[in-house]
Every structure is written in structure tokens, then in C-alpha cells.
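Q: Here is my input, please return the structure:
(chains A and B)
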Protein chains: 2
Amino acid sequence: MEGVAIIGAGQTPYGDFPGKGVKELFAEAYFEMLKSIDKGTEPQRIQTAYIGSLSAGSGFQLGQLAPLLMGHVGLPRATATRVENACASGGYALYNAAIAVASGKFDLVLAAGVEKMRDVSSSKGRYWLGVSGDTEYERLAGSTFAGIYALMAARYMHDYGLKREHLSMVAVKNHRNAVANPKAQFRREITLEQALKGAPVAHPFNVWDCSPTSDGAAAVLFCNAKIAKEFTDKPVYLKGFGAASDYLAIHDRDSITSLAATRKASAEAYSQAGISPREIDFAEVHDCFTIAEIMAYGDLGFCEPGQGFKLLEEGTTLPEGKLPVNVSGGLKAKGHPIGATGCGQACEIFKQLRGEAQEPGRQIKNARYALSHNVGGSGGTAAVFIYQRGDQ
Amino acid sequence: MEGVAIIGAGQTPYGDFPGKGVKELFAEAYFEMLKSIDKGTEPQRIQTAYIGSLSAGSGFQLGQLAPLLMGHVGLPRATATRVENACASGGYALYNAAIAVASGKFDLVLAAGVEKMRDVSSSKGRYWLGVSGDTEYERLAGSTFAGIYALMAARYMHDYGLKREHLSMVAVKNHRNAVANPKAQFRREITLEQALKGAPVAHPFNVWDCSPTSDGAAAVLFCNAKIAKEFTDKPVYLKGFGAASDYLAIHDRDSITSLAATRKASAEAYSQAGISPREIDFAEVHDCFTIAEIMAYGDLGFCEPGQGFKLLEEGTTLPEGKLPVNVSGGLKAKGHPIGATGCGQACEIFKQLRGEAQEPGRQIKNARYALSHNVGGSGGTAAVFIYQRGDQ
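A: Residues are numbered from 1 along each chain as shown, chains lettered A, B, ... in the order given. Predicted structure coming up:
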């Protein structure tokens, strides 16, 4: 396999953008990505693109989205594939772009994602997001993703002694982190008291346990590692990438306090990278609901199974801790524009590993390895990536 | 890049199956594929899957389809990615599965496609198929794919002297070919007189110029060429694969009597295979409308540009001709279950190159190279594959 590097990354802010369509959002991320390539490139050298989006062709009714978007930014002839794996659509765009570079068939491969949830979240009373759960056994029985993750949280409490406060500690941390991030949707702190007393959603969750409805796009340019220095002196290397699936319906799974898809995907990524979880300096993980971040700590090997909340108690995952998690604000406060989310995590890590998170207090220092983690639905799919700083 | 082989292929019949859901159709194709592997395999060895489907999560409302289907056939943990590029979704499942094997990361990779058009074709007055054209400039102005391809046919007539009869000759040939194919939707011959006098659809097309609404699924198992003989003494090798895009809106294109995406995709495939169009022994091409097959002849290099109809006059593409095209019956008469179509073409070629098209009169003799060609929408995407018989 060829080595894989990242030479450029860009993203829109996440939020609510009534005046921008899917094409505009994609173009904004794409051109910011192009600008980030230190020594520049001829865009025509981009040979193929993977674009993640959940609701293309359904909610927002622009089908065959991948060539449509590539045509819009002036690359109508590049090969383009839309990938869709629910909330992990962006992660699978990254994953398949990495494979395309690894194959040796392509030198420059675009991974991108876009979503405009404002236009699709409840159109015609259908829940486009909801179809990504198991329709026959969960959705048609009335459950939502908030309800399914709430079951996981309740079971985690029962099995391991997780407290309601621990969930809120995730929300408080990620909101605090988002304040300094110019791309984040919710740039305001919340107190633990506030986080404990939000409007109820699905017991034990209140509104502060849930990631928001977001519009946004993100774009990452992958490159054969051999030629990365043609484009920048500070490439970021993708040292490992893994992806795995599980049953959609949680009643079919081995456990509901852990995601098997994440465990398998991360094992694959660590093994390829040749490093252990201890060597990760910071991570962006999939906190669609607060419990998801706590489960991810265990599934990614940052702690023993079921002990995720102890990292919160110890402050390990705060920006000043040993293993900062979601310094961007995470899905909770940076935002969650479904198809873009996985690519946006890679944008944050690209910036951080290059020392370019210039806003006061945001830059993580002396990091060598970082990890990103993107989940589809309630764990039907997951993708994990390990990045290495390249200027050392 | 690692070499790519095909060791198994299976598909459902195409047609109208009110009693079968998407899961059942997929399972039927998958298990037929497994059975076709001469020396068998442990299904758990299938590491990753690419599944093409247009209307998953929208029309038929089963989102995150790839892991859902893999779980249904007993492979819940395999990596799985849904790909969607309109009517070329199956072709891009093949294309990305080939890249995954070529990367060396995987030994066994599934490419599959499934669609149940019965459930989606006009639900709630929305045209799920229609969203794959350019929504802003074509669909919302009232055009359909029949209308767009009709424009192409009219222009081809004007520029090159194509006659209405030539269009019908495609329909007559492909219906005749479908008679012997047990997987085909329309197993009946039509006469040239009938084909000329169908109910009007969009001038110059009548109903016999249009492929049908179909349900169906197809599955193909790719394998690293180095280990193919572990599974069969008769692998089929994938010698070349190419894919490319174009603007969705035909007003943006260089020509409307030729698809640039097909030309670029086939150039890539021929170059990788190291052969010329003259060496192709038979082909399955994308005849969603009769003009599409005629345009494909030129775009794939089987004749000079604009001269496609001469191959029909000369009988070159009849089963008894020098270069049989759509011996399966093609989209026109075998059927067109959108996401499955590209994979179903590969199934036909796998059978033919192994000498297993046993039905009387169906087997093409002494073939060495075959080609398949799958188009998305009116040419927004295209994928082309070149196969070589492996037992020689």
C-alpha cells in the first residue's frame, strides 16, 4: 500500500445558513481547502473525489450529488462517488479516499462532506435522519436516536455507576472548547447547573445532551505520501484507518454500553499505525449524544471498558489534560452537519497538528499523534483515523 | 496496484416482485454469488463491501443500507459502504471494490447493488429517479430522463443521419436476446413494426425505446488476483476499470450526441488493460434508452463518433455478429433495477467468460475480453470495466 498524507483541509463554519445552498457550502469548504495548500496545486490534478452526504437526493432533492458538486467547483470530469453511511458518511468519504490513494491508482484524492439539515430535518413529517436507524424494529416502533442513545446511557448507569452529572460534564467541556473555535455553531459556555437542567428529551437526556441540527461542509485533500512535500513542508500523515459495521438494531448487539463497530475500526487503525492508544495526544470523537463520548473513551482504548466517566472526573480529556478530546467543541457544540462531520474532524486535526489553531488558548502543544472517530446512527457503522504530525 | 479477479457472481431475476423486500432481494443475489464460488469460501473472509443503491433512505426509507444488508446475510462486522451515483450506483460499487482490492488492504471485497423501483417510482408524486438529473435547470423545468435522452436522439438524427428505425433495431435486438436469459424481465421478442409503433413517450421515443421499472439485486465477489485460484480454476480477471463524470445539466456539456464521461472512463480502462476496443469480444452497455446504446458504440470506440447506427445496419452487435452487445437483453429487456444494474452486467460477463451461459443459444463462444459500461443519469457519471477470461 502507498502511504497517505493530507496536504490541505477546509471547512465552512457550522450553523444555520438559510441563505446558502448545498453547492455554496461545498464550494466554500473546497476553496478554503485549496487555499490551505502551502505551495498550491493545479486543481485539475485532483483525480477522484468521495463526497459524504446523508440526504442528497431525498431531503434536499439534489441527486447524483458528487458530480454535481465537482462540476460546480470547476472539476466536472474528475471521478466522483457519493458515499452514504448515515452520520458516518463523512468518515467513509475519508476512509475510501485513503484507500484510493493507498491503491497507487491516484495521487490526489478529495474527501468531502456536506449537509444542509435546515432543509431536511422534518420536511413533510418524515425524519430523514431517523431512517438511518433500524426502520423495521426501531423507527416504526417510535424510537428516535435520542431514545436509543438514552437506553445506552441508562444501561451504562446501571452497569458501571455512571451518574447524570458525568453526562453533563461532557456538554460543559465541549461547549467551553467551542468558544474559541471560529467554525463552531455554539460558541458559548454553559455551567454544570444549566447542563443538568435543560428541557427533557429522552430520559436521562435533556437538550444539552444532544448535538444540534447543523448546516455545513468540509473538504480534505489526500495525497500519495511520496509526493506530499511538493505541496507543503508540513503534511499530516494518515498512519492508520479502520472502519467496521454492526447490526443496526441494538437488540441484535452483544452490548449496548459499547460499540463493537468502534472497537473493530480502532483496532484496525491502531494496528496499521503501529501505535497504542496511550500514544494518542488528542482526539476528536463522535459525541452526537453525551453518552457517545463516554462510550468512545472505552471503545477507543483510552480507558478500561465502562470506566469512561473516570476520565471526566480526572480532567484527562479537558484541553489542559493529558488527552484532550473534542477541543473543537465536538458534535455537541461545534455542530453536526451529518455528511460533513467526519471530514470536519480531520480539518480540526490538520490545523492542530500543523500548529495553526491560532485563536488564543486553542492550540494543543507538542502533539505528535491524533485520532478521529465518526459513528453512523447508533453504531451501525464507525470509522477511525490516526494522524501523525509530519514536520518532525 | 494488486491485480483484481472475480471469483463469484450472482443475481436475482429482474422484474416486479411485490412479495420481496430489499433485504430478501439482496440475500438472494448474495447467496447465489456464494454458491457460484467453485471451491467455496468462508463468508467471514469477506472484509469489506460496496453496495450501490439510489433510493435507500429516501424512496424505500431504509437508511444506512450497507450495514443493514450485511447484517441480514450474517456479516454484521464487515466494513460496508453505500455508494450512490444514480443509475451508475452499481458500477461505482464495482469500481470502488476494485480499488479496495488493488490497494492491497483487502483480499476479498463484495460489490453489490439493489433496488426496488416498485416501491419508489412515484411515491408521493416525487420522482426519485428524476432527482438524479440537474434539479435546478432540468427537473424543475419539467424535463424527465426520457425527455433528455430524446433531445440527444433528435440531435444525433440531425447531425449524423440516424433514422427512427435504428432506435427500434436496438429494442428488437435486446428483446430477442432476453428471451433465453432466465434473469431477464421481458423474455419476449418484438418485431420492428411493433417497436416502431409503441405509445409515444417523448419524441422520437415511444415506450419500446425506454428501459422498464425493475426490482432486483446483484452481487459480485472481487479477490486479489494472486489468491484467486484458491477459490476457482476459472477466475475472471478485471484488467481495467475507469470512471469519470460530467456536468449534470446537458446545456453545460461539449456535446449531446456523445457522453464525455464514457469516453474518459473507457480511455482509462483500455489504457490500464493495455488493449484496444478492437480486442473486445462482447459487451454489456448502458441502454436505458435506445439512443444510449447507439451513443455508447462510439464513446467506447467500437465505431467512429456518430456512426453507431451503422453497427446495427451491419449486424455487428447481434449475438451472431463480430461484437455482440447486450446479449443479456440489456437494460431495455433484461431490466434496470438502478443500483443493481452495473453489478448485474458483471454477473452476465462472469457467466459468459466462464462458459456457463448454458441456456440454448446464449453462450458466446471463444471470447477472451469483455467490457461493461454503466451510466448515471444522462451521463453525469460513467464507469467502464474490461474483463479477461482466466482459464486460458
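
Q: which sections of the stretch 1-150 of chain A are below the confidence cut-off?
A: A:57-61, A:121-128 (pLDDT under 70).

Q: can you give me the strands in it?
A: Under the criterion DSSP state E, counting those that start in this stretch, the stretch 1-150 of chain A contains strands at A:4-11, A:48-52, A:79-84, A:108-116.

Q: Give me the angle between the first one and strand A:108-116.
A: Orientation check (axes from the mean of the first three to the mean of the last three C-alpha atoms, to 10 degrees): strand A:4-11 against strand A:108-116 gives 30 degrees.

Q: List the strands paired with strand A:4-11, with their directions.
A: Each strand paired with strand A:4-11, and its direction, by DSSP bridges: strand A:215-224 (antiparallel), strand A:236-245 (antiparallel).

Q: Mind checking the pLDDT average for the first one?
A: Per-residue pLDDT over strand A:215-224 has a mean of 98.

Q: mind listing what the residue in the stretch 251-392 of chain A positioned nearest to chain B touches?
A: For the stretch 251-392 of chain A, the residue closest to chain B is A:Gly380, as judged by C-beta to the nearest C-beta, at 4.5 Å. The C-beta positions use only the backbone N, C-alpha and C, and glycine is treated the same way. Neighbouring residues of A:Gly380 by C-beta atoms under 8 Å, 6 or more residues apart in numbering or on different chains: A:Asn85, A:Ala86, A:Ser132, A:Gly133, A:Ser245, A:Asp246, A:Tyr247, A:Leu248, A:Ala261, B:Gln64, B:Pro67, B:Leu68.

Q: got the contact list for A:Arg253?
A: Here A:Arg253 is in contact with A:Asp246, A:Tyr247, A:Ala260, A:Gly379 (C-beta under 8 Å, 6+ apart).

Q: what sits against the closest residue to chain B within the stretch 201-350 of chain A?
A: The stretch 201-350 of chain A approaches chain B most closely through A:Ser245 (3.6 Å), counting by C-beta to the nearest C-beta. Going by C-beta under 8 Å, 6+ apart, A:Ser245 touches A:261, A:380-382, B:66-67, B:70-71, B:76-80.

Q: ok, A:Asp159 to chain B distance?
A: As judged by C-beta to the nearest C-beta, to the nearest Å, A:Asp159 and chain B stand 22 Å apart.

Q: per-residue pLDDT, that residue?
A: 98.

Q: number of nearby residues for it?
A: Using other C-beta atoms under 10 Å in any protein chain shown, A:Asp159 has 13 neighbouring residues.

Q: hang on, isn't A:Ala184 packed against A:Leu331?
A: No. Contact criterion C-beta atoms under 8 Å: A:Ala184 and A:Leu331 do not qualify, at 10.7 Å.

Q: So which of the two has more stuff around it?
A: A:Leu331 (32 against 23).

Q: Grab the nearest non-local neighbour of the more buried one.
A: A:Ser211 (4.0 Å; C-beta to C-beta, 6 or more residues apart in numbering or on different chains).

Q: what sits against the one you found?
A: A:Ser211 touches A:Asp287, A:Cys288, A:Phe289, A:Gly330, A:Leu331, A:Lys332, A:Gly335, A:His336, counting by C-beta under 8 Å, 6+ apart.

Q: Over to A:Val101?
A: Taking C-beta under 8 Å, 6+ apart, one finds A:Glu2, A:Val4, A:Asp107, A:Val109, A:Phe222, A:Cys223, A:Asn224 in contact with A:Val101.

Q: Filter these down to the buried ones, PyMOL style.
A: The following PyMOL line selects those of these that are buried, judged by 16 or more other C-beta atoms under 10 Å in any protein chain shown:
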select buried, chain A and resi 2+4+107+109+222+223+224
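
Q: Adding distance to A:Gln358 as columns, could you present the contacts of A:Val101 in JSON lines?
A: Converted to JSON lines, the contacts of A:Val101 look like this (distance: C-beta to C-beta, whole Å):
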{"residue": "A:Glu2", "distance to A:Gln358": "32"}
{"residue": "A:Val4", "distance to A:Gln358": "26"}
{"residue": "A:Asp107", "distance to A:Gln358": "30"}
{"residue": "A:Val109", "distance to A:Gln358": "28"}
{"residue": "A:Phe222", "distance to A:Gln358": "24"}
{"residue": "A:Cys223", "distance to A:Gln358": "24"}
{"residue": "A:Asn224", "distance to A:Gln358": "29"}
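
Q: closest to B:Tyr92 among the contacts of A:Val101?
A: Among the contacts of A:Val101, A:Val109 lies closest to B:Tyr92 (C-beta to C-beta), at 14.6 Å.

Q: The closest one is in contact with A:Ile51, isn't it?
A: No. Counting by C-beta under 8 Å, A:Val109 sits too far from A:Ile51 to count as a contact (11.5 Å).

Q: these two touch, right, A:Ala54 and A:Ser89?
A: Just so we're on the same page, residue A:54 is Leu rather than Ala. Yes. Look at A:Leu54 against A:Ser89 with C-beta under 8 Å: they come within range, at 5.5 Å.

Q: Show me what the residue of the stretch 201-350 of chain A closest to chain B bridges to in the sheet.
A: Under the criterion used (DSSP bridges), A:Ser245 bridges to A:Thr381.

Q: Can you give me the neighbour number for A:Pro182?
A: For A:Pro182, using other C-beta under 10 Å, the count is 11.

Q: ok, now which ones touch it?
A: A:Pro13, A:Glu359.

Q: Just confirm it is within a helix.
A: No. Counting by DSSP: H, G, I helix; E, B strand; the rest coil, A:Pro182 falls outside a helix, being coil.

Q: Figure out the helix or strand that the residue positioned nearest the centre of chain A lives in.
A: The centre of chain A sits closest to A:Gly342, judged by C-alpha atoms, centre = their mean, with a distance of 3.0 Å. Element membership of A:Gly342 [criterion: DSSP states H and E] is helix A:338-353.

Q: next helix or strand past that helix?
A: Downstream of helix A:338-353, the first helix or strand assigned by DSSP H and E is strand A:369-376.

Q: tell me which strands and helices that next one is in contact with?
A: In terms of contacts (3 or more C-beta pairs under 8 Å, 6 or more residues apart in numbering or on different chains; DSSP states H and E), strand A:369-376 is packed against helix A:89-102, helix A:260-273, strand A:282-284, helix A:290-299, helix A:338-353, strand A:381-389.

Q: give me that answer again for 6 Å
A: strand A:282-284, helix A:338-353, strand A:381-389 (3 or more C-beta pairs under 6 Å, 6 or more residues apart in numbering or on different chains; DSSP states H and E).

Q: Many thanks, I have nothing further to ask.
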